[in-house]
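For reference, the sequence and a predicted model appear below.
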Amino acid sequence: MAALTEAGVPFRENEPFSKHTSMGVGGPAAVMAFPRSAAELKRTLEVRAETKAPHRVLGGGSNLVVADEGLDELVINTQDLDHVDVADDGTVTAEGGANLVRTVVRCCRAGWSGLQSAVGIPGSVGGAAVMNAGAYGFSISDVMREIVVFDENGARQQPPEGWRFHYRGSSIPEGSAVASVSVALQPGDAPKLGEEIRELQMHRVRSQPPGRNAGCVFKNPPGGHAGRIIDELGLKGTRRGAAVVSEKHANFVVNEGGARASDVIEILDLVRERVAREAGVELELEVKVWRPRA
Ligand code: EPU
């Protein structure tokens, strides 16, 4: 904390994850830092290296379940690293903590096409890049041009072969931080783009539950849909405390208010076991679960 103070990076002590995740569960981070620029992000990682503090990097918290006991670690929260620049040639450069949905809406309003499908993806631009988030057949890597990543010591990381992306994942290692992402967009018609994102948003409202959740909790298995499999086994409505498998979409777990992380994790384990036993499918988690390190 002294090193962060000296570096001029804002931080909070014992900051609850429930305030920083869309699922709304999780105990405190021992120290949560809030760098406001790429330079501060780099400095924070350097401080981490100097102090050898165990750490994690937190994006929008929209795909994350953190354990009730919290983490005795330095958590680097990118929420204030949120500048977005839309250039005249359609190059959009967003800092890692920028909100993806707001960035998409802004690009569409400015008449730039290519990001509209991402309007269904809550979370930060950096988080979306690391997990190659997607919706409606689109993945963020489809439009990615450049990505600035700092490693856990604050050095720029540039693999010679470039970053690799696959379904809901990338080669960007855990513990690295995305400072910014640039995407290349094409000229389009702003009113039409606006109509397109309104339709996608309406489709999402119709098919996915509102309220506190972490999006789809399992990846789709090859050739199938986790939501449909879970639904067909009659697992909608399965409840532990205030956590419940959504009646609207079976691949969502909703926190109805005051759920504990242990409730959510119990549901995830139960669904995975039932699907393995009764449908013969091994579901893989899409949400990240952060627990204290052994
Ligand atoms: N279905 C059911 N029951 C359910 C839910 C779905 O039978 O309870 C059926 C639907 O009727 C449909 C099929 O399963 O035939 C697929 O459902 P949906 O169209 O909702 O798509 P999905 O495969 O469940 C994926 C992404 C979502 C993304 C949507 C829309 C994954 C794991 N999920 O869901 O992403 O929003 O497509 O493109 O890839 C996320 O990543 O967090 C996420 C929610």
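Received, thanks. Numbers count the residues shown, from 1 in each chain.

So what sits opposite S170 in the bridge?
In this entry, S170 is beta-bridged to F165, by DSSP bridges.

For R272, see how far away V66 is.
Relative to R272, V66 is positioned 19 Å away (CB to CB, to the nearest Å). Quick note: C-beta positions are derived from backbone N, CA and C, even for glycine.

ok, those two, which is more surrounded?
Neighbours were counted for V66 and for R272 using other CB atoms under 10 Å; V66 has more, 29 against 19.

Find the residue closest to the more buried one in space, skipping its chain neighbours.
Excluding its sequence neighbours, the residue lying closest to V66 (CB to CB, 6 or more residues apart in numbering) is G26, at 3.0 Å.

Same question for V25.
Nearest to V25 is A261, by CB to CB, 6+ apart, at 4.3 Å.

residue ranges of the strands in the stretch 1-150 of the chain, please?
Read by DSSP state E, counting those that start in this stretch, the stretch 1-150 of the chain holds these strands, from start to end of the chain: 11-16, 28-33, 55-58, 64-66, 71-77, 84-86, 91-95, 112-113, 134-135, 138-139, 144-150.

on that earlier part again, ok, now which ones touch the residue nearest to V25?
Residues counted as contacts of A261 (CB atoms under 8 Å, 6 or more residues apart in numbering) are V25, G26, G27, V65, V66, A67, D68.

And the furthest pair within the residues you listed?
G27 and V65 (11.6 Å; CB to CB).

out of these two, which sits in the busier spot?
A count of neighbours by other CB under 10 Å puts V65 above the other of G27 and V65, at 26 against 17.

Up against the ligand, what does the stretch 151-294 of the chain have?
207, 215-216, 219-220, 225-228, 231, 249-251, 286 (CB under 6 Å from any ligand atom).

Neighbour-wise, give me the winner out of the residues you listed.
In terms of neighbours by other CB under 10 Å, these top out with A250 at 26 neighbours.

Surely that residue and L235 touch.
Yes - the criterion here is CB atoms under 8 Å, and A250 meets it with L235 at 6.3 Å.

where does this structure have its least confident helix or strand?
strand 134-135 (a mean of 88; mean pLDDT, DSSP states H and E).

Check whether that strand comes close enough to the ligand to count as a contact.
Yes - residues of strand 134-135 are located near the ligand by CB under 6 Å from any ligand atom, namely A135.

Pull the residues that contact that strand.
Contacts of strand 134-135 (CB under 8 Å, 6+ apart): S117, A118, G120, I121, I140, Y167, R168, L200, R204.

With pLDDT and neighbour count added, can I get those residues in JSON lines?
Formatted as JSON lines, the contacts of strand 134-135 follow (pLDDT from 0 to 100; neighbours: other CB atoms under 10 Å):
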{"residue": "S117", "pLDDT": "93", "neighbour count": "20"}
{"residue": "A118", "pLDDT": "95", "neighbour count": "27"}
{"residue": "G120", "pLDDT": "88", "neighbour count": "23"}
{"residue": "I121", "pLDDT": "93", "neighbour count": "26"}
{"residue": "I140", "pLDDT": "92", "neighbour count": "26"}
{"residue": "Y167", "pLDDT": "90", "neighbour count": "12"}
{"residue": "R168", "pLDDT": "90", "neighbour count": "16"}
{"residue": "L200", "pLDDT": "96", "neighbour count": "19"}
{"residue": "R204", "pLDDT": "95", "neighbour count": "15"}
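
out of those, who's nearest the ligand?
Checking the contacts of strand 134-135 against the ligand with CB to the nearest ligand atom, the nearest one is G120 at 5.0 Å.

With adjacent residues omitted, what lies nearest to that closest one?
For G120, the spatially nearest residue (CB to CB, 6+ apart) is A135, at 4.0 Å.

count of neighbours near that neighbour?
A135, neighbours per other CB under 10 Å, totals 18.

please begin residue numbering at 444 from this point
In the new count, where the first residue is 444, that last one comes out as A578.

May I have the beta-bridge partners of it?
With DSSP bridges as the criterion, A578 is bridged to F581.
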